[in-house]
Structure formats: C-alpha cells, structure tokens
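Colleague: let me see the structure of the following:
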Amino acid sequence: MWGDWEHMKQSYEDKVNDPWDWVTHFENAVARYTGAKHAIAVDSASNGIKLCLNYVRTAKVVNIPKKSKMHIPANTYVSVPNQIILEGFIPVFEHKQWERHYTIGSSGIIDAAVSFYENMFEENIIDDGSMDTFMCLSFHHRKIINIGKGGMILTNSDRFNEWVRPMIYDGRKKYMNYEIDEFECIGWHCYMTPEDARKGLEIFHSDKIQSVNKPVGSWETYKDLTKQKIFRQYDSQKSIVTYNANNDVILNNLRVGKYRIYDYLFNMQFKGSGKLILDVNPDDFHDAFEKLDLKSFNENVNFIIYDNIECFSDYKEDSVIKLLKFIFKRHGMENRLKFYGNNLDFSDKDINYEPIPFFIGDSSWQSKHIEDRKFEKKFLFLANAPKMERCQILIELEKRKLLEDTYYTFNINNKPLPPGFSKFEILQTPKSLDTEQGKLFVNRMHKILPEYEKSFMNIISESYFYLGSYDQMNMNEKPTFITEKTEKCFTSGSPFVVFSTKGYLKKLKELGFKTFDKWWDESYDNIESDAQRFNEIFNVINEISSWSYEKCQKVYSEMIDVLRYNQLHNYKFDHVNKKISLDREAYLNSIQKRVKHLDDLLIKSNLKSKLI
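Modeller: Okay, the predicted model is just below:
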C-alpha cells in the first residue's frame, strides 16, 4: 500500500494553495507509481487516446498522416475505434488475444484502460529513440482506481507534455485567470476536476492499490466489434460477417478453410464436360461457425445464403446445405437459416427458401418518364452469348427480311458457335450497336441503350429456352429465370415478346407485372413444345412487322399506362431485393436519392395513390 490516506491527507492539504493542486498531486503520485516522467490527468481514457492520436497526426516530430491504418484487437472497447476514425485514421481489427494492455497500431499509444500496477509504464516504454510512448489509463467506476470518470496519459515526452496541457483545457493555462489569459491553441474541454483528483488520491492511498493489481478486463471482457455492422468494413479478415440492408447476416462469403461457402455451392469449377466440386470437410464448417458464434447475434437476425446469378436447384440434396442445416439445428436456430434464390419454381417445406428474382429492379435507377414515341425501327434484338435459340432467331429474322427493321447485336465477345451453325454467314461476325462498341462486360449489361426508345418492340431471348440444353447448374430442367434482358424493358418502357420457358409470362404476372395480350396473342406462353413455342412467337413478330410505323406509335400510346405501371413496379422491386445482396452502407447511401427519383416518377405517372 502506498501510504494510508488518513496519514497522507494532511501533507497534501498543506501543499494545496489552489484547487488545481489536487490534480497535480494526483498526477505526480501516479507518475511515480507507474515509472513515467509525466502523468497528464484527463476526464476519460477515451479522450486521452483522442489527444494522443491528434498529437501523432499533427505534431511535426511524429506526423503519422491521415488515413493511415491503426491495427487494434477486434475485442476492445468501442471508443478506441471511434477515436481512431474521428481523428482521420483507419482502424483495422485483428482477431488476437491480449492481456493488461495493447498498442494501437504503430502510433506508440498503449491502451492500458484495464490495468494499473507498479512500473507499468517503465516496463513498456520504447527506448530506442524511434518514437515517443503514450500509455492511457482509465479511472472509470469499474476500473481499479474507480473515481467514476477520468483517466491519465503517461509519457516521458516533454514535447507532448507541453503540447497537451492547454489542449485539455480549452487552450487555456490552468493557473491563469480567464480575464488575462492569452489562449495558446484550439483545445478541447477534457480536463480532470480537482474533486475527482482528490478522490483518486484517496483510493490510491488505500489498501486497494498494491504493487501488482489484478486487471479488470482483457480481450475476453469485450465483444468482437467486427460483428457490429458499423465496424465490419474494418475487419482485417473481411469475410467474418457481411450484412444486407435488413441487417441479416449473409453467409455467402463466410470463409471455410481456404474457400467461401459461396465457392462450395455456386462457383463450381469445370473441366471439359465434368463438374469438379470442392471437397467438403465438416470439421472446417463447424470451426467456421464456432468462430462466427451464432448465439452472439440478436434474435431478430437471420442468416441467409442467396443465389444471385444462376438458378441453383439442388437445395434438397446438396451436401453443403445439409451440413448447414445440421449446424443450425444443433444450435436450435434452424428457422433462422434462410435461402433466397433466382429459381422461381422451387419450393419445399423442409427448406426456408424464398424465390426472389434477383435481377428485377437492377436497372431501375435509369428510369425516365414514359411518353409517346416515334420509332426508327420496329424491333430490338440484343443477343450476346450465341446460344442455339439466339442463332435461330437471327437466322429467322434474316430469312424473313426483318433485319432492316431491327436494331440488333450478336456474339459481341466472339464466343464459339453451337455445333452446326458455323455455315450461316449472318453468324460469322460479331455485331454490336453503334452506341455500344467493343466487348460486352457484366457492368454494361444493365445499361439502357438509346435504341430502347428508338424501337417499338423488344425481342427478348432469355437465358433458358430449350429443355435439356447444356447449362452449368440446370442441365435437364429449365426453371423460370428472369434476368436483366426482361428487366430493362420495364425500365425503358419497351413492350416485348420473349423466347423463354413455358409459363414465363404467367410468372411475370404473378410477380405483379402486366404484359401485352390486349394487343397481340400471348398464348405461346402456354405451349409445352419448345419448337412449337418458337414458331408461335415468330408468328407474333411477323404480325408486328406488317404494321405501319403510324400503327406502332398509336399502339404504343395505348400501352403507356401499362408501361408506366411496369416501370414503377420494377422500381419498387429494386428496394425489395436489397434484403438479398446489397450491404447496408451501399443501400443507405443510395436510398435517399432513389426514393426521391421514385416519387418524381410516381407524380409524373399519376400512379402514386395506386402503388403506395
């Protein structure tokens, strides 16, 4: 014990000529005990860290630039990354254990908020002359010196001691009257009061304080901050937790060994015509979920896996999904494991599956108010990958002499043609539009080209048509798969016919969209035979080709209410689908702009009362 308070109190009081002297006495006592040259009392350890961070960023002797990375443990108190961010640095959370204290990046700042023991500063000082050392203590009511609120910065740096004194007191000098003080700097209001300092001295001179005091916390005391949505972008492992706009946990990117769950399920590798599936080690999966610590999440948080590209269909028999269900069932959380997918035809009472057309709404931010149009051509046909039905459509358009009336693209990326089609000259040369030259990449597939407004009807060739044709996820079945090819028609206000699977238009109607059976025959949607359905769609195209441009414009004018309705319904889907894929930061950054755009469209279309 460092002297009994009853015996020490009088000696302190004899030396107190000003209330601030209590702060100085407390600082000196702590400095001697910890082995530091200077101890600077502040109102909290958090503000102590802030002061030190500001110093290493602004002082010429240190000058660590803004946006420098500061590595800290993931399990620490929340104010540490807060102060790092507020001072313009970037926290990087590392999943590591610590006891007593840890250093904040390469700043020389030591967070020792849970500790207080003899010579603690002297033991941890960096004495090679490369940088100053700062150790921040906490006197919170749960800490060893528990005065309720307060802290200290320990250092041997005379420069820092001179710099920080006015910084903690609004730029003022502690012992000078306000009326005559010349302020030295723009400072903060974070000093320790004399009353708190006196209370700290009383605890310091009690039997509570020994040479070695048991720490009041460690890495095990604090929650893993990477599981907090506001900090997940700073996680050094990146893939521990990803949230969607609903704050549900997305499991797609959770790492299991070297790979992600997404890799095991959807990013399968192919060699020739065979499928190479990654080996599944149950122990690796169990380890990954032990680290995730399912029980630590709020009860209203779900854990989702979404299939955002192809129509995955093996939800019932897939070994990875069975293993995931087992893990969640073992934790009593089976009802919180959910699957969202593009397979609009799949349903099973044993799988928490919600069919959601991922692509719908994706281009909706490009929506413009739909009005009467004059057309330069009757048809628009955009075909990139040279699938069999797309080759046939282009050949048929040429045979029927309709290409002069058609804006079209074909095989822009110059992929190999299906067997038997190399003899057709029209298929030999990749074809792009004048407004869209060069290769077609995914980020350009959702762009609304000017040709949408210059043509009357879009001839859509969706991803699936022929049953049994090769596809990496659905070789023998072709579920209803709605992609950007249809979705862009909603955004652009384009009527369409669609080469797809049976019941495709029916599914669009079930999703709330309207089609065009008032103006032409859509019974092709009910035809089982792919070949017969192909022919019936071309009968519709033939009929439209016989219309004059004046009739096309008149019919388009009749359709405007339907087209506006589809455009706005599509726009609403863009927000629904955020629960699948878009993370919360990106969603919140875009939502205000998009909601305003939606309101503008609703007002112009006079449909707000009908949709909301």
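Colleague: in three-state terms, how would Lys518 be classified?
Modeller: Here Lys518 is coil, with the state taken from DSSP: H, G, I helix; E, B strand; the rest coil.
Colleague: and for it, the neighbour number?
Modeller: The tally of other residues near Lys518 (other Cβ atoms under 10 Å) stands at 11. Any C-beta I mention is one placed from the backbone N, CA and C, and that applies to glycine too.
Colleague: how far away is it from Val540?
Modeller: From Lys518 across to Val540, the span is 13 Å (Cβ to Cβ, to the nearest Å).
Colleague: cool, Glu162 as well?
Modeller: Glu162 is 85 Å from Val540, by Cβ to Cβ.
Colleague: ok, the two, which is more surrounded?
Modeller: Legend: neighbour count by other Cβ under 10 Å for Glu162 and Val540, higher for Val540 (19 against 11).
Colleague: against which helices or strands is the helix or strand where the more buried one lies packed?
Modeller: Secondary structure assigned from DSSP states H and E places Val540 in helix 530-545. With contacts taken as 3 or more Cβ pairs under 8 Å, 6 or more residues apart in numbering; DSSP states H and E, helix 530-545 sits against strand 377-383, helix 388-399, strand 455-461, strand 496-499.
Colleague: next one: the shortest one to chain centre, how far?
Modeller: For strand 496-499, the gap between its own C-alpha mean and the chain's C-alpha mean amounts to 35 Å (Cα atoms, centre = their mean, to the nearest Å).
Colleague: who's in contact with it?
Modeller: Residues outside strand 496-499 that contact it (Cβ atoms under 8 Å, 6 or more residues apart in numbering) are 389, 393, 457-462, 465, 486, 489, 504-505, 516, 520, 522, 524, 533-534, 537, 540-541.
Colleague: partners of it, with directions?
Modeller: Using DSSP bridges, strand 496-499 pairs in its sheet with strand 455-461 (parallel).
Colleague: next SSE after the strand it pairs with?
Modeller: helix 484-492.
Colleague: and that following helix, what does it pack against?
Modeller: So helix 484-492, by 3+ Cβ pairs under 8 Å, 6+ apart, packs with helix 451-454, strand 455-461, strand 496-499, helix 549-576.
Colleague: least reliable of the ones you listed by average pLDDT, please.
Modeller: For the helices and strands packed on helix 484-492, the weakest mean pLDDT is recorded on helix 549-576, namely a mean of 91.
Colleague: helices or strands up against that one?
Modeller: strand 455-461, helix 484-492, helix 584-605, helix 608-611.
Colleague: ranking those by mean pLDDT, which is last?
Modeller: helix 608-611 (a mean of 44).
Colleague: okay, the helices and strands packed on helix 530-545 in TSV with distance to Leu225 and mean neighbour count next?
Modeller: Below are those laid out as TSV (distance: least, Cβ to Cβ, whole Å; neighbours: other Cβ atoms under 10 Å):
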stretch	distance to Leu225	mean neighbour count
strand 377-383	47	22
helix 388-399	50	19
strand 455-461	47	24
strand 496-499	49	22
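Colleague: how about the ones you listed in a markdown table, adding distance to Asp279?
Modeller: Shown next, in a markdown table, are the helices and strands packed on helix 530-545 (distance: least, Cβ to Cβ, whole Å):
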| stretch | distance to Asp279 |
| --- | --- |
| strand 377-383 | 38 |
| helix 388-399 | 34 |
| strand 455-461 | 37 |
| strand 496-499 | 39 |
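Colleague: relative to Ile351, which of these is closest?
Modeller: Nearest of the helices and strands packed on helix 530-545 to Ile351, taken as Cβ to Cβ: strand 496-499 at 28.6 Å.
Colleague: the strands in the stretch 101-250 of the chain, which residues?
Modeller: With DSSP state E, counting those that start in this stretch as the criterion, the stretch 101-250 of the chain has strands at 102-104, 109-111, 134-138, 151-155, 242-243, 249-250.
Colleague: could you tell me the least trusted of these?
Modeller: Lowest mean pLDDT within these: strand 242-243, at a mean of 74.
Colleague: partner strands of it and their direction?
Modeller: With DSSP bridges as the test, strand 242-243 pairs up with strand 249-250 (antiparallel).
Colleague: which SSE is immediately downstream of the partner strand?
Modeller: Immediately after strand 249-250, counting by DSSP H and E, sits strand 255-256.
Colleague: that next one: what's the following helix or strand?
Modeller: strand 259-260.
Colleague: now that next one: average pLDDT?
Modeller: The model assigns strand 259-260 a mean pLDDT of 84.
Colleague: which residues touch stretch 417-435?
Modeller: By Cβ under 8 Å, 6+ apart, stretch 417-435 touches 386-388, 391, 394-395, 398, 407-414, 438, 440, 449-451.
Colleague: just the buried residues of these.
Modeller: With neighbours counted by 16 or more other Cβ atoms under 10 Å, these contain buried members at 386-388, 391, 394, 398, 407-412, 440, 449, 451.
Colleague: from these, which has minimum pLDDT?
Modeller: Ranking the buried ones among the contacts of stretch 417-435 by pLDDT, Leu440 lands last with 45.
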